[in-house]
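>>> Sequence plus the predicted model coming up.
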Amino acid sequence: MASPALNLASSFDIKKRPSILEPMRVSVRSTPARSVPATPLTRVTAAVQPQLDEVSARITQQVTAFDPAIEGYVTYALDSNGKKLRPLVTLLAGGASGGVTNAHVDLAVIVELIHLATLVHDDIMDEAERRRDQPTLNARWGNALSVLLGDSLFAHAVDLSTQFDDAEISRAIARATRDVCTGEIIQTQRRFDLHLGIEEYLRIIELKTATLFAVAAELGAKLNNACASHIAALKNFGRYLGTAYQIYDDCVDLAGRESVTGKTLGTDLRMGKLTLPMLQLLQNASAIEKERYCQLILEGDSASVRVLLQTSGIGAMEQSVAVGIERLQTAQSQLDELAPSYSLEALHLLADGVAAMLQSLRAPNA
């Protein structure tokens, strides 16, 4: 039986929020009972830290559901120290729509398992060697074993979803899993396609990434029997947040440092994935420049492309960051009709946190 809802409501006023376009500015409120550093993501995780800890513990426990012969591989795949953004969205959507229950923790475990399965498959397709400062599964045990392990994680997550009393929860999770895979298939289909448009790119990342954020927020509200408008608002918040986060991830693949990210970078260009910065670069180019840029992209010359993204006229990286921030503004606007609460403010702070991550990729003089 679900545990009683946690009271995350706040009695103090929600102040007018600063523009998300202000570099590295975040909205924070002082709370006497909390001594958490006033940074976006630490403030967000503090709102539901006990439940996030429970999610991590339950994910680790999933190893026992698999055959002992493969437990070692599963343990390695689930040994994640990632941001757990999708579980965070799940729990905060629950808090913003009535309260966090044990069912929300179950849902958070499921969406994170699906995410971990996608990472296993992503690393295979990208031929990535490192993730989160350790060798990828495919680097250690090869593609054949890794793809089957990813399949097993997908199947286990969907199996867990059937335990909800409301069958629509399981159906929504299954549809989301299908859409995530569809996005990956389309992206693979369009590799090295220099005619890919920005709107087509956005559709791909909405499928492969934003879908899981959206279903996490949607079902977080649905578990509380929230009204249809609140469920839709949170679902839209998740979709726009997830799109912005993927834009950030695509930008950092070209502008980040492996020592900071802990994963193999430059894989998108090497594997022919045309992401938003590259598409903006091509869109801004003259006919002569475009021919040269296309050649660099096809050759996978990441060093040259990285310089061009920051220096060619209207910087393509700067434009990409702006698109991501616009999505975050839209995400926050979806929350207007929800009642003020600590969880609602934490959702705003989550968007602020992703905005700060995007802002960090801007050129020094941008």
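Great, that's in hand. Because the structure is predicted, anything quoted here is derived from the model rather than measured.

>>> Doesn't Ala233 belong to a helix?
Yes: read with DSSP: H, G, I helix; E, B strand; the rest coil, Ala233 is one of the residues of a helix.

>>> Would you mind measuring from the residue nearest to it when sequence neighbours are not counted to Asp53?
Nearest non-adjacent residue to Ala233, counting by CB to CB, 6 or more residues apart in numbering: Gln334, 4.7 Å away. (Glycine included, C-beta is placed from N, CA and C.) As for Gln334, its distance to Asp53 is 28 Å (criterion: CB to CB, to the nearest Å).

>>> cool, Asp151 as well?
In terms of CB to CB, Asp151 sits 29 Å off from Asp53.

>>> same thing with Asp250?
Asp250 is 30 Å from Asp53, by CB to CB.

>>> Looking at these two, which has the bigger crowd around it?
Asp250 (23 against 12; other CB atoms under 10 Å).

>>> mind listing what the closest residue to Gly300 other than its chain neighbours touches?
With sequence-adjacent residues excluded and distances taken as CB to CB, 6+ apart, Gly300 is closest to Arg270, at 4.6 Å. Arg270 makes contact with 126-127, 300, 302, according to CB atoms under 8 Å, 6 or more residues apart in numbering.

>>> Swap in 10 Å and give it another go.
126-128, 253, 264, 299-302 (CB atoms under 10 Å, 6 or more residues apart in numbering).

>>> so of those residues, which ones are in helices?
126, 253, 299, 302 (DSSP state H).

>>> of all the residues you listed, which comes closest to Leu88?
Of all these, Leu88 sits closest to Asp253, with 22.3 Å by CB to CB.

>>> Nearest residue to that closest one in space, ignoring adjacent ones along the chain?
Nearest one to Asp253, counting by CB to CB, 6+ apart, is Asp268 at 4.8 Å.

>>> swap in Thr118?
Thr118 sits nearest to Val180 (CB to CB, 6+ apart), 6.0 Å away.

>>> Check which helix or strand the one you found maps to.
helix 167-189 (DSSP states H and E).

>>> So what would you say the end-to-end distance of stretch 325-342 is?
23 Å (CA to CA, to the nearest Å).

>>> Give the buried residues for it.
325, 327-328, 330-332, 334-335, 338, 341-342 (16 or more other CB atoms under 10 Å).

>>> Using TSV, please lay out those residues together with distance to Val158 and pLDDT.
Shown next, in TSV, are the buried residues of stretch 325-342 (distance: CB to CB, whole Å; pLDDT from 0 to 100):
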residue	distance to Val158	pLDDT
Ile325	34	97
Arg327	28	98
Leu328	30	98
Thr330	30	98
Ala331	27	98
Gln332	31	98
Gln334	27	98
Leu335	29	98
Leu338	29	97
Ser341	31	94
Tyr342	32	92
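
>>> Among the contacts of Arg270, find me the one that's closest to Pro68.
Ala128 (28.3 Å).

>>> so how far is Thr136 from the closest one?
Per CB to CB, Ala128 is found 5 Å from Thr136.

>>> The residue in the chain sticking out farthest from the centre and Ala157, how far apart?
Distance from the centre of the chain peaks at Ile288, with 36.4 Å (CA atoms, centre = their mean). Distance, Ile288 to Ala157, using CB to CB: 49 Å.

>>> pLDDT (mean, whole number) over stretch 151-169?
Stretch 151-169 shows a mean pLDDT of 96.

>>> list the buried ones in that stretch?
152-154, 156-158, 160-161, 164, 169.

>>> and what of stretch 122-130?
122-126, 128, 130.

>>> For these, name the two members farthest from one another.
Met125 and Arg130 (15.3 Å).

>>> what about the stretch 1-150 of the chain, any weak spots by pLDDT?
1-40, 80 (pLDDT under 70).

>>> if you set the cut-off to 50 instead, what comes out?
1-38 (pLDDT under 50).
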